[in-house]
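Participant: generate a structure from the sequence data that follows.
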Amino acid sequence: MGSLLSLLLLILLAAAYPEGGRVRRRRAAGAQDLGGSSPAPFWVRLSPELTAVPPGGSVWLNCSSSCPLPEVSSLHTLLQRGKTLSGQGWVAYQLLDVKAWSSDVHCFVTCAGATLGATARITTYKVPRSVILEPPVLVGSEYTLRCHVTHVFPVGLLVVTLRRGGRVIYSESLERFTGLDLANVTLTYVLSTKPRDFWLPVTCHARLNLDGLVIRSSSAPMTLTAFAAAWHPASKALAFTSIAALLGILLAVGAAYLRKCLLTQSQA
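Facilitator: So this is what the prediction gives:
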């Protein structure tokens, strides 16, 4: 009896197996048909991908694609938009009054129901017009160093460094400044010196770190000398007073000598 049941089971499985294979083949063929009906791929570009403009300037971005008949082409940005020009496969957008130091702009194109996008970045910065280190002022054993960085943007990404003889003596990051306008920056630092520091050149350096783009400017060197006190107003006043006193003494001595000579000649 058991043998008869086993035989019946084998016959049933053999009959069902070819049908199952046909079902699997039909499913595979259906998947291939579905894949073949998907739209052909296309590309989208937004150029230039990276551009820099002066604060408050404008820029044109071109959004192009390989889609022969795009359904929708749009630009997403927080920047102020100006004119728009278009042609076969491209649309150009004008962006105005760019002040944020870094802005991402996105372009999207829809073709045959599929949407692709591209991104460009606009940076805004201004290289310092000048970096000026004033002549050092010596008071006692301390120098006052004052460096001016003019017409720079963005100030929040500026680092000002003082070097003496090629070695960094002070550095300050100005990341606390968040203004969106050109600015002038003045850095003041008091430096204690020793005799061995005299005659060493001091320079001021300005550095902008713009996400990998580093811009450097530097001042003309100034030399630390023991005679720098002459630049200080109090030292000038003291020097003038000393010279005036010395001249007074010399005049008094000269007048007394001349009077003595005249008296001697009259007695003779």
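Participant: going by C-alpha atoms from here, please, whenever you check contacts or count neighbours.
Facilitator: Noted.
Participant: so what's T119 bridging to?
Facilitator: H106 (DSSP bridges).
Participant: residues contacting it?
Facilitator: 45-46, 49, 104-107 (Cα atoms under 8 Å, 6 or more residues apart in numbering).
Participant: just among those residues, which is most surrounded?
Facilitator: Comparing the contacts of T119 on neighbour count, L46 comes out first with 24 neighbours (neighbours: other Cα atoms under 10 Å).
Participant: quick revisit: how about the contacts of T119, which pair is most distant?
Facilitator: With distances taken as Cα to Cα, the most widely separated pair in those is R45 and D104, at 14.1 Å.
Participant: just want the most central residue of the chain.
Facilitator: Closest to where the C-alpha atoms of the chain average out (Cα atoms, centre = their mean) is L210, at 2.7 Å.
Participant: isn't that residue up against L157?
Facilitator: Yes. In this structure, L210 sits in contact with L157. The criterion is Cα atoms under 8 Å, and the distance is 7.1 Å.
Participant: okay, now the closest residue to T203 other than its chain neighbours: neighbour count?
Facilitator: Nearest-residue entry for T203: P221, 4.8 Å, with adjacent residues in sequence omitted and distances by Cα to Cα, 6 or more residues apart in numbering. Residues within reach of P221, counting by other Cα under 10 Å, total 18.
Participant: again, but for V214
Facilitator: For V214, the number of neighbouring residues by other Cα under 10 Å comes to 9.
Participant: any idea what the residue nearest to the centre of the chain is bridged to?
Facilitator: L213.
Participant: ok, it to W101 distance?
Facilitator: The gap separating L210 from W101 is 9 Å, by Cα to Cα, to the nearest Å.
Participant: same question, L46
Facilitator: The gap separating L46 from W101 is 19 Å, by Cα to Cα.
Participant: contacting residues for E172?
Facilitator: Neighbours of E172 in contact, by Cα under 8 Å, 6+ apart: 159-161.
Participant: which stretches of the stretch 101-250 of the chain aren't confidently modelled?
Facilitator: Confidence mapping of the stretch 101-250 of the chain against pLDDT under 70 gives the ranges 195-198, 226-240, 242.
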